[in-house]
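K.L.:
this one's sequence-less:
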């Protein structure tokens, strides 16, 4: 909530932190102060650092990963990541839709601390080997989980084989991703613009590589795909396409779609469709952070992201 400057999310979770986790007002404030605040244990500092890295670097660093694994299992680190990443998505929605804090709220973001920096495109090095090894689905339970993602030749992509390491997370993550990719109200061109611009912004090579084929199926040529990397200011976009790209950039930078861009989207999309644009960017941000941090490798034969 703090890094994405989401007043509603902060208010709700400050209350929950005190009621359910027994945190004091001072300890909640220290979350906004960050990892350098006095009083954190090593593992608490590692969790806060993880959230910072996921927001700004779109990946957990080697040092932070190693620190987390001193205390947590792979499955627990997966849950930590998805918790942090999901609440980036939630912040995007809360901020953009203008959801207001309830009048009864008593917890508010500290107004006397410097605001966190805005995010920019993540350009750091990506892993050349997995941190969490993909699992070949050999048991009946594993085969059942990946049935919908198994390709006609019987193979399963590394993303899904990696998620088999946490069976309880597999199904809800797969359902959400499937909806965004195949079942949403968005037309294929809009969907792929949002997904591929998000992949570019967070340096998610795997997402980019796999969505080139979907973009081509939606009617994009090679020049169109290359232009996604150049962003909304590149020549050749329609006003509708430019608004989608601009929204993806703003959600990455500020976890918020500006009034000007929201109004530009409204000229082409219904309210439900605009909400789905926000959730598509947020959902693929969440997946991309996992891909980058788990070290999920692109299968042979897929195109590389432009550099």
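P.N.:
Yep, it's here. What you see is a predicted model; the values in this text were computed from it and never measured.
K.L.:
element containing residue 297, please.
P.N.:
Residue 297 is located outside every helix and strand, with elements delineated by DSSP states H and E.
K.L.:
List the contacts of it.
P.N.:
Applying C-beta atoms under 8 Å, 6 or more residues apart in numbering to residue 297 gives the contacts 127, 128, 129, 130, 158, 206. (C-beta placed from N, C-alpha, C; glycine too.)
K.L.:
go on, residue 109?
P.N.:
Contacts for residue 109 (C-beta under 8 Å, 6+ apart) come out as 1, 2, 5, 7, 10, 11, 32.
K.L.:
Try it again at 10 Å.
P.N.:
The contact partners of residue 109, by C-beta atoms under 10 Å, 6 or more residues apart in numbering, come to 1-2, 5-11, 14, 29, 32, 101, 115.
K.L.:
Which residue is the nearest non-sequential neighbour of residue 272?
P.N.:
Nearest non-adjacent residue to residue 272, counting by C-beta to C-beta, 6 or more residues apart in numbering: residue 185, 6.0 Å away.
K.L.:
for residue 266, same thing?
P.N.:
Closest residue to residue 266 in three dimensions, ignoring its sequence neighbours and counting by C-beta to C-beta, 6+ apart: residue 274, at 6.9 Å.
K.L.:
Centre of the chain to the strand or helix carrying the one you found, how far?
P.N.:
When secondary structure is defined by DSSP H and E, residue 274 falls within helix 271-294. Per C-alpha atoms, centre = their mean, to the nearest Å, the displacement of helix 271-294 from the mean C-alpha position of its chain is 5 Å.
K.L.:
Which of the residues in it are classified as buried?
P.N.:
Along helix 271-294, the positions that meet the burial threshold by neighbour count (16 or more other C-beta atoms under 10 Å) are 273-274, 276-294.
K.L.:
same deal with stretch 178-187?
P.N.:
180, 181, 184, 186.
K.L.:
Torsion angles phi and psi at the first one?
P.N.:
Okay, so that is residue 180. For residue 180, the backbone dihedrals (degrees, to the nearest 10) come out as phi -60, psi -40.
K.L.:
wouldn't it be in contact with residue 186 here?
P.N.:
Yes - under the criterion of C-beta atoms under 10 Å, residue 180 is in contact with residue 186, at a separation of 8.6 Å.
K.L.:
overlap in contacts of those two?
P.N.:
When contacts are counted by C-beta under 10 Å, 6+ apart, the set common to residue 180 and residue 186 consists of 194, 195, 276, 279, 280.
K.L.:
so who does the fourth one touch?
P.N.:
Contacts here follow C-beta under 10 Å, 6+ apart; on that basis residue 279 touches 89, 90, 92, 93, 176, 179, 180, 184, 186, 194, 286.
K.L.:
ok, so of those, who is nearest residue 305?
P.N.:
Relative to residue 305, the closest of those is residue 194; by C-beta to C-beta it sits at 16.1 Å.
K.L.:
residues contacting the closest one?
P.N.:
Contacts of residue 194 were listed using C-beta under 10 Å, 6+ apart, and they are 180, 184, 186, 244-245, 247-248, 251, 276-284.
K.L.:
circling back to that earlier point, I'd say the residue nearest to residue 266 and residue 184 touch.
P.N.:
No - here residue 274 lies out of contact with residue 184, judged by C-beta under 10 Å, at a distance of 11.9 Å.
K.L.:
so residue 93 touches residue 99, yeah?
P.N.:
Yes - using C-beta under 10 Å, residue 93 and residue 99 qualify as a contacting pair, with a distance of 7.8 Å.
K.L.:
Give the residue from these two that has the larger number of neighbours.
P.N.:
The neighbour count for residue 93 versus residue 99, taken as other C-beta atoms under 10 Å, is higher for residue 93 (19 against 14).
K.L.:
Tell me which residues touch the nearest residue to the more buried one once chain neighbours are set aside, please.
P.N.:
Beyond its immediate neighbours in the sequence, the residue positioned closest to residue 93 (C-beta to C-beta, 6+ apart) is residue 278, lying 5.4 Å away. Applying C-beta under 10 Å, 6+ apart to residue 278 gives the contacts 89, 92-97, 194, 247-248, 251, 255-257, 262, 265.
K.L.:
swap in residue 43?
P.N.:
For residue 43, the set of contacting residues under the criterion of C-beta under 10 Å, 6+ apart consists of 67, 68, 70, 71, 72.
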